[in-house]
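Participant: below: sequence and its predicted model.
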Amino acid sequence: MLLLQLTLLFVLVLGAGSSDDIYIYHRAGDEVIMSCNSVNSSETSCSSIKWFYFRDISTTDTIVSDGQINEDSPQADKLSLGRRCSLTITNISSEDAGAYRCYYGNTYDTNVFLNILTLSANQSTDPVGGVTLTCSLWVYTGIYCVEDSLRWLDEERDELKQDDDEVYYSRQKKCVSDLIITHQMNHSRRYTCQFVINNEVKISADYTLVSTAPNKIIIIIIIVASVGLLTILVIVGLTVFIKSRRKTGAAEDAPKRARVPDGEESTVSYRS
């Protein structure tokens with residue numbers, strides 16, 4: 001087994017980047033199925049099948065041996081064998097990126113390089129502030145991304161350039177690109193990260209950034225409602241105050257008024 005692993009590693013190192021290699025691109029969370037082309041279509045048993053995983057040129061993991069999933073593999077709970085001994089990986093993550101190779105009997109397949117795109121958002125620690133969207137392409141360690149192969153698009157599918165009005169585009173570093181959004185809009189906006197080779201989009205991912213800034217219309221409504229409520233309270237208060245003062249004044253004037261008792265008549269003297 002060790003000799004086989006060393007042989008496959010030697011072939012992988014020499015063959016990496018050859019025209020026979022297969023490159024596949026997926027987003028985190030996807031399900032991936034990799035075929036073992038060496039297996040005959042009439043084969044019903046996978047007892048002679050082996051799958052190897054290469055994270056880098058110094059690490060080789062046997063993830064499937066004699067048709068059985070290696071339970072010691074960190075990927076074990078996500079692996080399964082399907083039709084014609086194909087390898088299925090569910091809910092992939094950045095840790096699954098790398099090279100895979102099938103070995104059947106005395107025949108081995110070409111390298112399959114699994115590349116995984118992730119897109120996340122974090123509060124920016126950059127002096128300009130804002131929110132940072134980070135787009136990363138996780139690849140086999142020995143592979144490097146071409147400069148500017150990661151691109152950013154706005155909702156209108158226009159490519160964002162350095163120092164745009166609403167964003168600040170941080171240049172790509174290896175296979176990682178940051179988009180620092182310095183001015184959040186008053187509504188949600190969608191941004192897209194693309195991985196491009198020779199003007200061909202290999203994979204893309206979208207991120208909708210929900211603005212935390214209050215909407216201007218909502219602010220106006222709140223202000224108008226507050227002013228209206230305050231006006232009503234003032235009017236009600238003044239009305240109650242005026243009525244209260246009137247009642248108090250009437251009570252004070254009552255003892256001063258002359259009142260004629262019932263059954264009595266006024267006596268008037270006439271002088272001739």
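Facilitator: Done, it's in.
Participant: show me where pLDDT drops low in the stretch 151-272 of the chain?
Facilitator: 163-166, 183-187, 211-219, 248-272 (pLDDT under 70).
Participant: helix, strand, or coil at Val234?
Facilitator: Three-state assignment for Val234 (DSSP: H, G, I helix; E, B strand; the rest coil): helix.
Participant: can you tell me how far it sits from Val224?
Facilitator: Per Cβ to Cβ, to the nearest Å, Val234 is found 16 Å from Val224. Backbone N, C-alpha and C define where each C-beta goes, glycine included.
Participant: could you chop the protein up by domain?
Facilitator: Domains of the chain are assigned by automatic domain parsing as 2-115, 116-209.
Participant: to Ile242, which of those domains lies closest?
Facilitator: Comparing those by their distance to Ile242 (Cβ to Cβ), the top pick is domain 116-209, with 44.3 Å.
Participant: from the contact counts, what lies against whichever helix or strand Ala205 is part of?
Facilitator: If you go by DSSP states H and E, Ala205 is part of strand 200-209. Packing partners of strand 200-209 (3 or more Cβ pairs under 8 Å, 6 or more residues apart in numbering; DSSP states H and E): strand 22-27, strand 112-123, strand 131-138, strand 189-197.
Participant: in the stretch 1-150 of the chain, which spans are helices?
Facilitator: Using DSSP state H, counting those that start in this stretch, the helices of the stretch 1-150 of the chain run over residues 2-15.
Participant: in stretch 44-60, which residues are buried?
Facilitator: Residues 46, 48-54, 60 are the ones in stretch 44-60 that count as buried (16 or more other Cβ atoms under 10 Å).
Participant: typed the wrong thing, it's stretch 154-174
Facilitator: If you call a residue buried by 16+ other Cβ under 10 Å, then stretch 154-174 has these buried ones: 160, 164, 167-170, 172.
Participant: out of those residues, which comes closest to Ser35?
Facilitator: Nearest to Ser35 out of those is Gln172 (Cβ to Cβ; 32.2 Å).
Participant: isn't the closest one right up against Glu147?
Facilitator: Yes - between Gln172 and Glu147 there is a contact under Cβ atoms under 8 Å: 6.3 Å.
Participant: which residues touch Trp138?
Facilitator: Trp138 makes contacts with 94, 97, 115-118, 175, as judged by Cβ atoms under 8 Å, 6 or more residues apart in numbering.
Participant: so among those residues, which ones count as buried?
Facilitator: For these, buried by 16+ other Cβ under 10 Å: 97, 115-118, 175.
Participant: which of those has the weakest pLDDT?
Facilitator: Among these, Cys175 carries the lowest pLDDT, at 93.
Participant: now do the contacts for it.
Facilitator: Applying Cβ under 8 Å, 6+ apart, we find Cys175 in contact with 136-139, 144-145, 150.
Participant: got the contacts of Trp138 as JSON lines, with distance to Ile69 columns?
Facilitator: Output for the contacts of Trp138, formatted as JSON lines (distance: Cβ to Cβ, whole Å):
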{"residue": "Ser94", "distance to Ile69": "21"}
{"residue": "Ala97", "distance to Ile69": "19"}
{"residue": "Asn115", "distance to Ile69": "23"}
{"residue": "Ile116", "distance to Ile69": "21"}
{"residue": "Leu117", "distance to Ile69": "26"}
{"residue": "Thr118", "distance to Ile69": "25"}
{"residue": "Cys175", "distance to Ile69": "29"}
